[in-house]
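Visitor: Quick one, structure for this:
(one chain, ligands or ions: 5)
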Amino acid sequence: MALSYSSNKLLLFSLFCFISIVGFNLKAVIAYSNTANPSATCNTNLRTILPPPYSDLSSLSCSHIWQQKFSFSFYQDGQNVTTIVLSGKNNHQWIGIGFSRNGSMVGSSAMVAWVEPNGVSGIRQYHLEGKNMSKVIPDKGDLKFTTARPVVVAHGDLLYIAFQLQFAASLAFQPILLAIGSANPYKNGSLPKHINSTTTFIEFSSGHHLTSHPMSPDDLRKYHGVTAVIGWGTVTPAGLLVARYFRHLEPSWYYIHSSVQFVGFFIGIVSISIGRTLYQKLGAVFVAHKFLGYTVFCLAGLEVCQFIGRPSSDSKRRQYWNFAHYWVGRIAMVLGLLNIFVGFHGVVAHDRLMRIGFGILFVALLTTMIFLEVRRRRENLIPETMIDQPPVFQVIDKSLTTGHRKSVS
Ligand code: HEM
Ligand code: HEM
Ligand SMILES: *[C@@H]1O[C@H](CO)[C@@H](O)[C@H](O)[C@H]1NC(C)=O
Ligand SMILES: *[C@@H]1O[C@H](CO)[C@@H](O)[C@H](O)[C@H]1NC(C)=O
Ligand SMILES: *[C@@H]1O[C@H](CO)[C@@H](O)[C@H](O)[C@H]1NC(C)=O
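Guide: Ligands and ions are numbered 1, 2, ... in the order given. Below is the predicted model of the structure:
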């Protein structure tokens, strides 16, 4: 019996480890399931198209970025000089590539290239001081050129944009902005807004090799938010409701409660894992939210691992342990819900649908809780003593004791 009890614990603990590991790695599956056919080509010989120093990039590795519609080559030398060639279909009025500190447009500097109807091409630096035409300033910005002049070449149906920049420090993992416009810049240099834009991430530090993250921060934010709302905002609170108000359904409540909590915790881990990636990508300073998120994770982890260190049911300490288990669970739920509000509050983006969805869910949860609490008190379905001394793992204990009895007799 001692053996079967501890092997039961071991099984549950392995299950816990397994879902934690899978949960933390699931985001990679989501992130890399994102593929499309490249329309910009990486295997053209730049020597026949571009003058030096850009022609030398031919031999270097090249990557498809932004839904594979653009190709991007670079070389960074030991003097922090970076040479870049970007090419894409020549059917946009302008193509812009920007260097951003945190992945957002405001505050960054961009190179914008275009081709006039008469075939004359141009390239210019813009300082993106705001998201309004009047705040996008031509011939201004933080990018420092070397003696090599930027060039724009239309070749076949592709437009090649090449430039060389001197940075103060070597580039490492760098957010790169890309945007395309549908109208040419005006005579005074002011730029009409893009019709499409994205942020991508380039690893400049790994020598000639390039990796870009296929998932934009916007997608990551969406998946993080959705999984957080489902995991911490819906499934785990529902599991707690089952434990509190459906205890009279012996013994199913226990199985429903623990499986629902396992599922909720799993989705919650996926959310935290995506949150971590998002945090790194955005370089976000969102300390309260991050701290609350990890706190919720630790508390919920304690709940799921409740079988570790639990005193036996006849021990006096068991009562205190049950009390702690209950309050840790409630606190985790409240902090998880709170952190959803904090998460939404920190986001400037315009994802109203998710907020409204969560608002409805939250009101539904509160209403259900009040309804069930009132009903419980009125009908007194469950004796008060049962609430105060929750029979945690009662079902397993029961089967174990009966097993014990059998093996004794
Ligand atoms: C006159 C020029 C520009 C205007 C008026 C403008 C305006 C805006 C606005 C209003 C947004 C918010 C999202 C949306 O409504 O679509 C935005 C986002 C964005 N823009 Fe621009 N933009 C301009 C030029 C550029 C350029 C030259 C680049 C880069 C090459 C760029 C890159 C981005 C990126 C990556 C985003 C999404 C990330 C973020 O929201 O910070 N924009 N822009
Ligand atoms: C209980 C855990 C968590 C919950 C319930 C939660 C919830 C949320 C929600 C609802 C959003 C808004 C999403 C949107 O509007 O699309 C958000 C944003 C965000 N979360 Fe979390 N989150 C949690 C944990 C974490 C952790 C652990 C981290 C980082 C280590 C993190 C990093 C972020 C970041 C960087 C944003 C975006 C902020 C911005 O765009 O400015 N989250 N979170
Ligand atoms: C953009 O700036 C112009 C003035 O240059 C102003 O009239 C307009 O309201 C601004 N638009 C936004 C969305 O702020
Ligand atoms: C290049 O950047 C590094 C830091 O990344 C700096 O220590 C070094 O002095 C820079 N070199 C030049 C030539 O600017
Ligand atoms: C521009 O945005 C649309 C969605 O609005 C998308 O389908 C399309 O692929 C985007 N174009 C580029 C060049 O990424």
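Visitor: Could you use CA atoms for every contact and neighbour count after this?
Guide: Fine.
Visitor: ok, now which ones touch the spatially closest residue to Phe204 that is not a sequence neighbour?
Guide: Spatial nearest neighbour of Phe204, chain neighbours left out: Ala172 (4.8 Å); criterion: CA to CA, 6 or more residues apart in numbering. By CA atoms under 8 Å, 6 or more residues apart in numbering, the residues touching Ala172 are Ile202, Glu203, Phe204, Ser205, Ser206.
Visitor: Model confidence for the third one, exactly?
Guide: Pointing back at Phe204 there. Per-residue confidence (pLDDT) for Phe204: 80.
Visitor: Neighbours of it, how many?
Guide: Phe204 has 20 neighbouring residues, counting by other CA atoms under 10 Å.
Visitor: Would you check that it makes contact with Leu171?
Guide: Yes. Using CA atoms under 8 Å, Phe204 is in contact with Leu171, at 5.6 Å.
Visitor: what residues do those two have in common as contacts?
Guide: With CA under 8 Å, 6+ apart, Phe204 and Leu171 have no common neighbours.
Visitor: What residue in this protein comes nearest to ligand 4?
Guide: Using CA to the nearest ligand atom, the single residue of the chain nearest to ligand 4 is Ala169, 3.3 Å away.
Visitor: surely that residue meets Asn80?
Guide: Yes. Counting by CA under 8 Å, Asn80 is a contact partner of Ala169 at 6.1 Å.
Visitor: which of the two has more neighbours?
Guide: More crowded of Ala169 and Asn80, by other CA under 10 Å: Asn80, with 15 against 9.
Visitor: Now do the closest residue to that one other than its chain neighbours: how many residues are near it, please.
Guide: If the residues on either side of it in the chain are set aside, Asn80 comes closest to Ser170, at 4.9 Å by CA to CA, 6+ apart. Ser170 has 15 neighbouring residues, counting by other CA under 10 Å.
Visitor: check contacts around the residue of the chain closest to ligand 4.
Guide: Contacts for Ala169 (CA under 8 Å, 6+ apart) come out as Asn80.
Visitor: Surely it is within a strand?
Guide: No. If the criterion is DSSP: H, G, I helix; E, B strand; the rest coil, then Ala169 is coil and not within a strand.
Visitor: And the one helix or strand Thr198 maps to, what does it pack against?
Guide: Following DSSP states H and E, one finds Thr198 within strand 194-203. For strand 194-203, the elements it packs on are strand 173-181, judged by 3 or more CA pairs under 8 Å, 6 or more residues apart in numbering; DSSP states H and E.
Visitor: can we see that at 10 Å?
Guide: strand 62-65, strand 94-99, strand 173-181, helix 217-230 (3 or more CA pairs under 10 Å, 6 or more residues apart in numbering; DSSP states H and E).
Visitor: and ligand 2, which of those is closest to it?
Guide: helix 217-230 (3.8 Å).
Visitor: need the residues of the stretch 51-200 of the chain near ligand 5, please.
Guide: Trp66, Gln67, Asn196 (CA under 6 Å from any ligand atom).
Visitor: Just confirm the last one contacts Gln93, I think it does.
Guide: This points to Asn196. No. Taking contacts as CA atoms under 10 Å, Asn196 lies outside contact range of Gln93: 11.8 Å.
Visitor: what sits in contact with each of these two?
Guide: Ile180, Gly181, Ser182 (CA atoms under 10 Å, 6 or more residues apart in numbering).
Visitor: Which of Asn196 and Gln93 has more residues huddled nearby?
Guide: Gln93 (18 against 11).
Visitor: Give the rounded mean pLDDT of stretch 375-394.
Guide: The predicted model gives stretch 375-394 an average pLDDT of 58.
Visitor: can you check stretch 165-181 too?
Guide: 90.
Visitor: cool, and stretch 16-28?
Guide: For stretch 16-28, the per-residue pLDDT averages 70.
Visitor: how near is Asp56 to Ile269?
Guide: Counting by CA to CA, to the nearest Å, the separation of Asp56 from Ile269 is 46 Å.
Visitor: Also Val85?
Guide: Val85 sits 39 Å away from Ile269, going by CA to CA.
Visitor: Who has more neighbours out of those two?
Guide: Set side by side, Val85 and Ile269 show more neighbours around Ile269, with 29 against 24, by other CA under 10 Å.
Visitor: so that one touches Thr227, yeah?
Guide: Yes. Judged on CA under 10 Å, Ile269 makes contact with Thr227 at a distance of 8.8 Å.
Visitor: Now do the shared contacts for these two.
Guide: Gly275.
Visitor: Tell me where the chain is predicted with low confidence.
Guide: By pLDDT under 70, the low-scoring segments of the chain are 1-12, 24-41, 58-61, 206-218, 281-285, 307-311, 346-351, 380-409.
Visitor: domains in it, as residue ranges please.
Guide: For the chain, automatic domain parsing gives the domain ranges 5-26+217-381, 46-209.
Visitor: How about stretch 99-118, which residues are buried there?
Guide: If you call a residue buried by 16 or more other CA atoms under 10 Å, then stretch 99-118 has these buried ones: 99-100, 102-115.
Visitor: Inside strands: which ones of those?
Guide: Phe99, Ser108, Ser109, Ala110, Met111, Val112, Ala113, Trp114, Val115 (DSSP state E).
Visitor: for these, which one is nearest Phe371?
Guide: Using CA to CA, Ser108 comes nearest to Phe371 of these, at 52.0 Å.
Visitor: so what's the closest one up against?
Guide: Applying CA under 10 Å, 6+ apart to Ser108 gives the contacts 98-102, 126-130, 141-143, 176-177.
Visitor: how about 6 Å then?
Guide: Phe99, Ser100, Leu128 (CA atoms under 6 Å, 6 or more residues apart in numbering).
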